[in-house]
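Participant: predicted model, plus sequence, below.
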Amino acid sequence: MYNVSIQKGLNTKRTKYDFKKKSLTLAYHIFRVLYHSWTIAYHTFRTLSVVFCRLLLFPGIDSSTSNIKFSSGSLRSDG
């Protein structure tokens, strides 16, 4: 009976230590996942902003041929 209570006491201390360790590990992993998600969201937002600004500022440029499209349908080359 005496050994059981000592063992139980040791397990309680060990459990508190493990709980702190697991809590810190969990907090670290949550921070890592959130930081990674934030960087993905930031890069996606930045990419979409650049695309939107290019469409807004240069709506008539065909980037594949570098020709300017007019509303009449004719193309004018820069070269």
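Facilitator: Looks like it arrived, so ask away. Numbers count the residues shown, from 1 in each chain.
Participant: strands along this protein, start to end?
Facilitator: With strands called from DSSP state E, the chain shows them at 61-62, 67-69, 75-77.
Participant: quick one: the helices in the protein?
Facilitator: In the chain, the segments counted as helices under DSSP state H are 2-57.
Participant: low-scoring stretches of it, by residue?
Facilitator: 1-17, 59-79 (pLDDT under 70).
Participant: same thing but 50
Facilitator: 1-5, 79 (pLDDT under 50).
Participant: got the contact list for stretch 26-41?
Facilitator: Contact with stretch 26-41 is made by no outside residue, as judged by Cβ atoms under 8 Å, 6 or more residues apart in numbering. Heads up, the C-betas are built off the backbone N, CA and C, glycines and all.
Participant: just the CA coordinates for that stretch, please, in CSV.
Facilitator: This file holds the C-alpha atoms of stretch 26-41, laid out as CSV (Å, rounded to 0.1, in the frame of the first residue of the first chain):
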residue,chain,number,x,y,z
LEU,A,26,1.0,21.7,-28.9
ALA,A,27,1.2,25.5,-28.7
TYR,A,28,4.4,25.4,-30.8
HIS,A,29,2.7,23.3,-33.5
ILE,A,30,-0.4,25.5,-33.5
PHE,A,31,1.8,28.6,-33.9
ARG,A,32,3.7,26.9,-36.7
VAL,A,33,0.5,25.9,-38.6
LEU,A,34,-1.1,29.3,-38.1
TYR,A,35,2.1,31.1,-39.3
HIS,A,36,2.4,28.8,-42.3
SER,A,37,-1.3,29.4,-43.1
TRP,A,38,-0.8,33.2,-42.7
THR,A,39,2.2,33.2,-45.1
ILE,A,40,0.2,31.2,-47.7
ALA,A,41,-2.7,33.6,-47.3
